[in-house]
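[1] pasting the structure only:
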DNA sequence: TCTTTATGGTGAG
DNA sequence: TCACCCTAAAGAT
């Protein structure tokens, strides 16, 4: 479930479990055996999220750069649990063992590399240093469809395919609206809404976009949590139209033709 | 037991 | 624009 909220939650959980502790680092696959061997015994000083990138800082100056991609997972296990064959690396200390599998990126890097990664990213609404200005300027300076721009991590860092469908629905914006057709107030509201949804996602450790008064009580099933994403053919929750689906640049996007007119 | 799909991104053509 | 990478759950047979 890796959109920005997942990574920020992960950074927080890793800090809580492992900060200032000497880490036992183990690998099961050959491709990160050297990295794990080098990290083994180093003290974890911080864990930081920037968009969908995770940087785990060590006292030595080493950084572990992780990007979960589509299928990566970083799960909390017990040190006594036998890791799966797919284990890329385990970071363990005390009674916590964090197992990484399926990650698109798992590499030991230095601060210069971190800087070069961050330099390519747009502002992250979940970070203290995230500002809406550069986001608004970037969107307005391009005719590309807003849905395309919201997935472009150099425009805004942390939005994925679920949040983009949901935020466009909530804003009543058609996915193919050219960026330069949106005004600054609208984009500022979109930024704030995105930030609030992401924060809620960090808190819940899942994506729930429907407003509190609309949500059923008790346990919320995946299909109840959202307005548009993966709801093609189902009735819109705000009108009687049916949710539509199309593709933009090989990614599916769902929207309500009535609530989000062209 | 198989095939498909996925909340992502890169690099080749 | 497309093939491809990584893994695992869901869907099809």
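    It's in. Please read these numbers as outputs of a predicted model, since none were measured by experiment.

[2] and chain A, which of its residues are near DNA strand B?
    Within chain A, the positions adjacent to DNA strand B are A:1-3, A:6, A:51-52, A:67-71, A:104, A:151, A:153, A:160-162, A:207, A:222, A:230, A:250-252 by CB under 7 Å from any atom of the strand. For every residue, glycine as well, the C-beta is placed using N, CA and C.

[3] list buried residues within those.
    A:2-3, A:6, A:51-52, A:67-68, A:151, A:153, A:160-162, A:207 (16 or more other CB atoms under 10 Å).

[4] which of those residues fall within strands?
    Members of those lying in strands (criterion: DSSP state E): residue A:67.

[5] of the residues of chain A next to DNA strand B, which are in range of DNA strand C?
    Answer for the residues of chain A next to DNA strand B near DNA strand C (CB under 7 Å from any atom of the strand): A:69, A:70, A:71, A:104, A:250.

[6] nearest spatial neighbour of the fourth one, chain-adjacent residues omitted?
    What that stands for is residue A:104. Nearest residue to residue A:104, sequence neighbours excluded (CB to CB, 6 or more residues apart in numbering): residue A:69, at 2.8 Å.

[7] show the contacting residues for the one you found.
    Contact analysis of residue A:69 by CB atoms under 8 Å, 6 or more residues apart in numbering lists A:2, A:102, A:103, A:104, A:105.

[8] looking at those, which are in strands?
    Using DSSP E, these in strands are residue A:105.

[9] from what I can see residue A:94 touches residue A:17, true?
    Yes. With contact defined as CB atoms under 8 Å, residue A:94 counts as touching residue A:17 (7.4 Å).

[10] if I look at the residue in chain A positioned nearest to DNA strand B, how far off is residue A:218?
    With CB to the nearest atom of the strand, the shortest gap between chain A and DNA strand B falls at residue A:160, namely 2.3 Å. Distance of residue A:160 to residue A:218, given as CB to CB, to the nearest Å: 27 Å.

[11] next: residue A:149.
    37 Å.

[12] try residue A:177
    Counting by CB to CB, the gap from residue A:177 to residue A:218 is 37 Å.

[13] between the two, who's got more neighbours?
    Using other CB atoms under 10 Å as the criterion, residue A:177 and residue A:218 rank with residue A:177 on top: 19 against 5.

[14] which phi and psi does the closest residue to that one other than its chain neighbours have?
    The spatially closest residue to residue A:177, leaving aside those adjacent along the chain, is residue A:146, at 5.0 Å (CB to CB, 6+ apart). Main-chain dihedrals, residue A:146, degrees, to the nearest 10: phi -60, psi -30.

[15] now do the same contact list for residue A:146.
    A:139, A:168, A:173, A:175, A:176, A:177, A:178, A:179, A:182 are the contacts of residue A:146 under CB under 8 Å, 6+ apart.

[16] mind checking pLDDT for it?
    Residue A:146 is assigned 97 on the pLDDT scale.

[17] please report the distance of the residue in the stretch 101-250 of chain A that DNA strand C sits nearest to from residue A:86.
    Of all residues in the stretch 101-250 of chain A, residue A:102 sits closest to DNA strand C, at 3.0 Å by CB to the nearest atom of the strand. Distance, residue A:102 to residue A:86, by CB to CB: 6 Å.
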